[in-house]
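# pasting the sequence and the predicted model now:
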Amino acid sequence: MSSSLWYPEIPCFGKYTMVLNCKNPKLISFFGNHERNRVAFSQRPNVKGAIRHSEMEYDPPSKKTKHSHGLESSKFVIENDVGIEEFLYQDDCQPIFAVFKQRFADFIVREIDTENEIVSLTSYDIPPRVKRISKNLYAFPPDALAILNSIDKNSKETVVMEAPPDKDLRKIIHDSIKEQFPHLESKTILEEETRKISAIVRNTNAVNYRNWTSEFGGTFCNFTLYKEGMDTMHALSLISTWLHVNTDRFTYAGSKDKQASTTQKVSAYKVDAAHLLELNKRLIGVRLGNFSYVNKRIGLGDLKGNSFTIVLRNLSNRSLMEVRLKFVKAKGFINYFGLQRFGTTSIPTHLIGIAMLQNDWREVVNLIMKPREGESDEQTKIRNIWFQEHDHESALSNWPSHGGIEFVLLKGLVKFGLQDCLSAFSLLPRNTRILYLHSFQSYIWNMAASERIRIHGLKVIEGDLVIDSSTSAAINVTSANVNDFSIQDVVLPMPGYDVVYPENMKDFYKQLLKKANVNEEAFNHKIKAYKLKGVYRNLLCSPANMQWEFVNYESPTQALVETDLARMENSFPEVEFTGSRLALILTVHLSSSSYATMLLRELTRVDTSRGMQILLND
């Protein structure tokens with residue numbers, strides 16, 4: 001281990017010990033284990049204008065597990081584990097301490113849709129159903145008309161009438177009953193080999209799927225999902241469980257943070273808005289509203305970006321923060337995929353993506369179900385029992401939450417068993433399964449971005465990739481056009497079967513894929529849904545509409561910004577910005593798949609891992 005000194009201003013928090021090299025303090029990081037945990041930051045020279053995140057030498061925080069793909073996982077996913085290593089702004093890297101996500105409302109995320117509108121929860125109104133107007137109404141005989149009129153809305157009686165032999169005429173009769181008697185539903189039945197028409201009071205909780213479009217005005221019910229304290233997948237799992245429908249009925253543009261208050265658009269295939277609205281009385285931390293019926297669903301990536309309102313409490317250095325805020329507003333930050341992309345447990349999601357590319361579905365299931373730290377004792381016990389005995393039914397019946405990935409996967413294992421892990425895994429929502437693959441692509445991109453900045457700095461050089469404005473194709477920079485581009489133009493590919501790799505980074509990409517035991521052909525997966533064409537991502541992110549203010553407050557948990565839920569329920573208290581504590585309130589718009597946590601990392605130089613935030617909040 002390289003020489004290091006105790007940094008006098010950094011306290012030791014019980015079993016958490018942090019050590020910095022005082023000559024060149026880089027980034028404070030966090031590891032949880034026992035008293036002998038020690039993290040050293042070795043002194044490194046700056047490389048061509050880039051700030052180097054020093055290599056960390058440390059005693060393993062926990063026993064590491066080696067997987068079939070050759071990569072390892074430990075207790076916490078930290079930034080170095082997923083390639084987050086460099087900085088854009090050049091200073092002494094002095095950390096600015098602040099409490100992050102003290103409340104869910106301290107991190108508000110509102111989706112920016114494809115129309116460039118910020119998604120907010122503003123209404124609980126249900127759109128009216130479309131009134132169907134039939135061209136031909138059936139003239140019911142007086143006796144039949146009297147029978148239909150006599151059926152009370154609370155009646156459970158079934159009325160049976162004679163039916164004409166002509167199929168088209170029977171359809172007109174059914175349409176006429178639907179229009180003239182909207183509380184009734186009818187169908188053709190066979191009684192003693194004779195066709196007859198039965199009519200019964202409509203079940204208001206049921207949906208007539210055959211006539212859905214004509215009744216509702218669209219195949220999909222779009223709605224705004226407000227949630228806090230859970231990720232998007234978990235919220236939709238709860239909704240689908242209450243409605244007794246498959247989670248695949250719900251699609252969305254992108255997953256939103258768990259430890260946050262978020263709003264986003266969701267599409268539900270043939271789900272009645274009235275049923276969704278009813279869940280507001282039952283679900284904690286979830287509200288549904290802004291309902292509409294449309295004929296085109298929301299798909300993964302159908303957004304322009306996200307609007308963030310972020311509160312950093314107990315700020316330690318206002319003057320240095322102001323300097324960095326101005327720099328980031330003008331220059332941006334490295335466009336890393338944040339730790340949310342990889343999960344916060346000891347099983348990073350990109351490891352599951354690797355197993356998928358290797359068609360190792362048993363490993364996929366094992367990684368999702370494997371015991372991990374940071375969960376409740378009950379969940380840990382169930383995971384341990386499952387991992388030892390593979391008793392799917394017992395694990396399913398005892399799983400504490402009827403929602404989430406594990407619950408759905410266990411239902412699949414009960415149905416298909418370990419001999420068909422692919423079918424069990426396929427019960428998870430498509431978006432969730434695809435995000436595992438995207439997580440691996442993100443891991444490779446992060447590693448490449450750090451290498452690009454570390455080796456070549458912040459200037460455009462020959463062999464970089466840029467997007468040709470005339471063809472929208474990725475091209476390599478040459479000596480002839482190197483001066484035509486800036487670092488903001490440089491892109492790096494997320495690996496796939498149809499991307500161009502930068503000439504100056506091609507070998508590095510090959511080395512990364514080889515280490516993960518993934519070849520380039522694996523991206524052209526035999527399962528169509530898992531084919532990864534590859535995309536390009538800007539090396540730097542330029543924030544938009546970035547504004548901030550510093551406020552004083554007194555109580556550590558005082559509400560400082562208003563959420564959509566607080567506005568709808570008129571529950572936001574009057575705020576007096578006075579007191580001995582200092583907070584930063586930051587609002588900013590970021591493009592799709594850019595992470596606000598990576599912006600905060602550039603500002604604070606404090607590790608954004610779950611462990612560090614728990615430590616600071618404590």
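Thanks, I have the structure now.

# nearest residue to the residue sitting nearest the centre point of the chain in space, please, no chain neighbours.
Nearest to the mean C-alpha position of the chain, counting by C-alpha atoms, centre = their mean, stands residue 255 at 1.8 Å. Distance criterion C-beta to C-beta, 6 or more residues apart in numbering; nearest residue to residue 255, sequence neighbours excluded, is residue 232 at 4.5 Å. In this view, the C-beta of every residue, glycine as well, is placed from N, C-alpha and C.

# what's the answer for residue 431, then?
Among residues not flanking residue 431 along the chain, residue 300 sits closest, at 5.5 Å (C-beta to C-beta, 6+ apart).

# wait, a helix at that neighbour?
No - with DSSP: H, G, I helix; E, B strand; the rest coil as the criterion, residue 300 is located in coil rather than a helix.

# now do the contacts for it.
Neighbouring residues of residue 300 by C-beta atoms under 8 Å, 6 or more residues apart in numbering: 251-254, 431, 434.

# in helices, which of these fall?
Residues of the contacts of residue 300 located in helices (DSSP state H): 431, 434.

# what is the neighbour count of the residue nearest to residue 255?
When neighbours are defined as other C-beta atoms under 10 Å, residue 232 has 24 of them.

# distance of it from residue 439?
Counting by C-beta to C-beta, to the nearest Å, the gap from residue 232 to residue 439 is 15 Å.

# swap in residue 81?
With the distance defined as C-beta to C-beta, residue 81 ends up 12 Å from residue 439.

# next one: residue 162
Residue 162 sits 62 Å away from residue 439, going by C-beta to C-beta.

# and for residue 81 and residue 439, which residues touch both?
Joint contacts of residue 81 and residue 439 (C-beta under 8 Å, 6+ apart) are 342, 348.

# out of residue 162 and residue 439, which sits in the busier spot?
Neighbour totals were compared for residue 162 and residue 439, and residue 439 leads with 21 against 10 (other C-beta under 10 Å).

# helix or strand: which one has the more buried one?
Using DSSP states H and E, the element containing residue 439 is helix 430-456.

# which helices and strands does that helix pack with?
strand 86-87, strand 250-252, helix 349-357, strand 490-494, helix 506-515 (3 or more C-beta pairs under 8 Å, 6 or more residues apart in numbering; DSSP states H and E).

# run the last query once more with 7 Å
Other elements packing on helix 430-456 under the criterion 3 or more C-beta pairs under 7 Å, 6 or more residues apart in numbering; DSSP states H and E are strand 86-87, helix 349-357, strand 490-494, helix 506-515.

# okay if I get these as TSV plus mean neighbour count and distance to residue 421?
Below are the helices and strands packed on helix 430-456 laid out as TSV (neighbours: other C-beta atoms under 10 Å; distance: least, C-beta to C-beta, whole Å):
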stretch	mean neighbour count	distance to residue 421
strand 86-87	20	38
helix 349-357	26	10
strand 490-494	23	26
helix 506-515	15	24
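
# now do the buried residues in the strand or helix carrying residue 278.
Per DSSP H and E, residue 278 falls inside helix 273-278. By 16 or more other C-beta atoms under 10 Å, the buried positions in helix 273-278 come out as 273, 275-277.

# again, but for stretch 583-595
Neighbour counts using 16+ other C-beta under 10 Å place 583-586, 588-591, 593-595 of stretch 583-595 among the buried residues.

# output those in a markdown table, with pLDDT, distance to residue 195 and secondary structure appended to each entry.
Converted to a markdown table, the buried residues of stretch 583-595 look like this (pLDDT from 0 to 100; distance: C-beta to C-beta, whole Å; DSSP: H, G, I helix; E, B strand; the rest coil):
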| residue | pLDDT | distance to residue 195 | secondary structure |
| --- | --- | --- | --- |
| 583 | 96 | 73 | strand |
| 584 | 97 | 73 | strand |
| 585 | 97 | 69 | strand |
| 586 | 98 | 69 | strand |
| 588 | 97 | 65 | strand |
| 589 | 97 | 61 | strand |
| 590 | 97 | 62 | strand |
| 591 | 93 | 60 | strand |
| 593 | 86 | 57 | coil |
| 594 | 94 | 62 | coil |
| 595 | 94 | 62 | coil |
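
# that older thread, so which of the buried residues of helix 273-278 is the closest to residue 379?
Of all those, residue 276 has the smallest distance to residue 379: 28.3 Å, by C-beta to C-beta.

# quick check: that closest one touching residue 223?
Yes - the pair residue 276 / residue 223 is scored as a contact, 5.9 Å apart, by C-beta atoms under 7 Å.

# any common contacting residues for the two?
Taking C-beta atoms under 7 Å, 6 or more residues apart in numbering as the contact rule, residue 276 and residue 223 both touch 268, 288, 291.

# of those, which is the nearest to residue 158?
Checking the shared contacts of residue 276 and residue 223 against residue 158 by C-beta to C-beta gives residue 268 as the nearest, at 31.0 Å.

# what mean pLDDT does the helix or strand hosting the closest one have?
Element membership for residue 268 (DSSP H and E) is strand 261-269. Taken as a whole, strand 261-269 has a mean pLDDT of 97.

# chain center to it, what's the gap?
From the chain centre to the centre of strand 261-269 is a distance of 11 Å (C-alpha atoms, centre = their mean, to the nearest Å).

# may I have that strand as CSV, with CA atoms only?
Backbone C-alpha positions of strand 261-269 (Å, rounded to 0.1, in the frame of the first residue of the first chain) are rendered in CSV as follows:
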residue,chain,number,x,y,z
SER,A,261,-39.6,12.1,-5.6
THR,A,262,-40.2,11.5,-9.3
THR,A,263,-42.9,12.0,-11.9
GLN,A,264,-42.9,10.3,-15.3
LYS,A,265,-45.3,9.1,-18.0
VAL,A,266,-46.5,5.5,-18.2
SER,A,267,-48.6,3.6,-20.8
ALA,A,268,-51.0,0.9,-19.7
TYR,A,269,-52.4,-1.5,-22.3
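
# perfect, I'm done here.
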